[in-house]
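Novice: quick one, fold the following:
(one chain, ligands or ions: 1)
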Amino acid sequence: MIQIKGLHKQFGHSILYENYNREFLAPKLCIEAPNGQGKTTLLMMLAGLETYESGELLFSGNTLTEPHKQVAIASDCIALPDFLTAKQVINLSSNTFGCRWPTAIVDGFHFNEFLNTRFDALSSGNQKKCQLILALMRDAPYLLLDEPSAALDQASIAYLLTLLDEYLVHKPQGQIIITCHEPAAFVKHGFECMPL
Ligand SMILES: Nc1ncnc2c1ncn2[C@@H]1O[C@H](COP(=O)(O)OP(=O)(O)OP(=O)(O)O)[C@@H](O)[C@H]1O
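Specialist: This next block holds a predicted model:
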């Protein structure tokens, strides 16, 4: 369970979160809110990739000193070294986080034929697949996916949903949080929707 207590976040003089408090109880949760309300920023703060002025972010009651060890995130906002090929980006991540090459996930997304393409030359759907592969391969207890179905074709969404069906099986404390503007398919697979 993720708890957010008294969060304050602003960009310059623009306040995005002021004394924001939430408990994310459902194991599989979809956060819904209009554009620009702060969903991506919240996921980035939870992943330890965005700073905040004050507040507490608690994971099963604890603050994380090294969030990258327990939280994996996929988001268009995370800049990848786009002069590298997809294979090189995945290898980099695999070496950095000490996880195996994600053969099954790469196959499942039919991504093999794009491995030797530079990340910046991939289509938006294939960039999304690469971001998802990078997050899913880490098998972290907390998985944050920012608009995971955006730009994906139907077969890839179906494959992602089957992966998410299984994801928490051996992670009793784990949680999947996604943001999504069209959550119907995720709701069918057990996601609970909640407003930001
Ligand atoms: N690095 C930044 N510097 C300044 N403002 C920022 C920065 N990142 C985000 N913002 C602003 O914070 C607000 C929330 O952005 P965010 O991307 O978190 O919203 P969102 O709910 O995910 O939107 P969408 O549904 O369009 O993806 C927006 O007004 C955005 O312009």
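Novice: run through who's touching the helix or strand harbouring residue 22.
Specialist: In the assignment (DSSP states H and E), residue 22 maps to strand 14-24. Outside of strand 14-24, the residues within contact range by CB atoms under 8 Å, 6 or more residues apart in numbering are 1-10, 38, 41-42, 52, 55, 175, 177, 194. All C-beta atoms are positioned from the backbone trio N, CA, C, and that covers glycine.
Novice: how about the helices in the chain?
Specialist: 39-46, 67-70, 86-97, 103-108, 124-136, 154-167, 184-188 (DSSP state H).
Novice: lowest mean pLDDT across these, which one is that?
Specialist: Ranked by mean pLDDT, the helices of the chain bottom out at helix 67-70, which scores a mean of 92.
Novice: picking that back up, what residues of the strand holding residue 22 count as buried?
Specialist: Of the residues in strand 14-24, 16-17, 20, 22, 24 count as buried by neighbour count, 16 or more other CB atoms under 10 Å.
Novice: just to revisit the earlier point, filter the contacts of strand 14-24 down to the ones in strands?
Specialist: 2-10, 55, 175, 177, 194 (DSSP state E).
Novice: out of the residues you listed, who's the most crowded?
Specialist: The residue in the ones in strands among the contacts of strand 14-24 with the most neighbours, by other CB atoms under 10 Å, is residue 177 (25 neighbours).
Novice: bridging residues for that residue?
Specialist: Applying DSSP bridges to residue 177 gives these bridge partners: residue 29, residue 144.
Novice: residues from the chain in reach of the ligand?
Specialist: Contact residues, the chain versus the ligand (CB under 6 Å from any ligand atom): 11, 16, 33, 35-41.
Novice: show me which of those are buried.
Specialist: 16, 37-41.
Novice: adding distance to residue 65, write those out as CSV.
Specialist: Formatted as CSV, those follow (distance: CB to CB, whole Å):
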residue, distance to residue 65
16, 24
37, 29
38, 24
39, 25
40, 23
41, 21
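Novice: thanks a lot, see you next time.
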